[in-house]
Every structure is written in structure tokens, then in C-alpha cells.
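Visitor: Model the structure of this input:
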Amino acid sequence: MYACIHLTVPAAASLLLDLAHEFSPAVEEAAQHTVVFSIAPLRKLIGSPHQIASEICRAGYERKLQASLAIAANP
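Guide: Just a heads-up that it's a prediction; the model follows:
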């Protein structure tokens, strides 16, 4: 299971990477202002994909990031 975050309003790339690294050590910059990372291990720690997405959104909101989030079974 993977998450993809794309900034809708450009911000410092380091903020986006910090957000992704809060949830996974394996983060890939897929494009400018876009990261993809594995969230499979988080099912045991956080719960359902919906709950994981909520936690990622909360963390992004705390950083004042404006972004889109997608969760998928495959990257």
C-alpha cells in the first residue's frame, strides 16, 4: 500500500520530504512537489487506509501544507 502527496501550492521541498519521512523511511520524489512512499507497515500501527490518510492529512495541516493525497494498493 502506498501514499502519494502532491503539493497544490508550492512550498519548500524539505517540508514535503519531512512529512513523508514522518510516516516512512522509503520516500521517492516522483516529480517536482510530489512524493510516493510505502504505508503498508502503518496498518499495524495506525489502522485502516482511511485512518492512515487522516493522520497524514493532520500532519500536513500542522505544517500548513496545501496538498492532495492519494492512497493506492500499488505505486
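Visitor: Where do the helices of this structure begin and end?
Guide: 13-23, 42-45, 49-62 (DSSP state H).
Visitor: Next, find the distance separating residue 58 from residue 24.
Guide: 16 Å (C-beta to C-beta, to the nearest Å). (Each C-beta comes from the backbone N, C-alpha and C, glycine too.)
Visitor: picking up where we left off before, turn the helices of the chain into TSV, columns for mean neighbour count and mean pLDDT.
Guide: TSV is the format used below for these (neighbours: other C-beta atoms under 10 Å; pLDDT from 0 to 100):
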stretch	mean neighbour count	mean pLDDT
helix 13-23	16	94
helix 42-45	12	94
helix 49-62	15	97
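Visitor: Quick one, which of those helices gets closest to residue 75.
Guide: Nearest to residue 75 among the helices of the chain is helix 13-23; the distance by C-beta to C-beta comes to 13.3 Å.
Visitor: Centre of the chain to that closest one, how far?
Guide: 8 Å (C-alpha atoms, centre = their mean, to the nearest Å).
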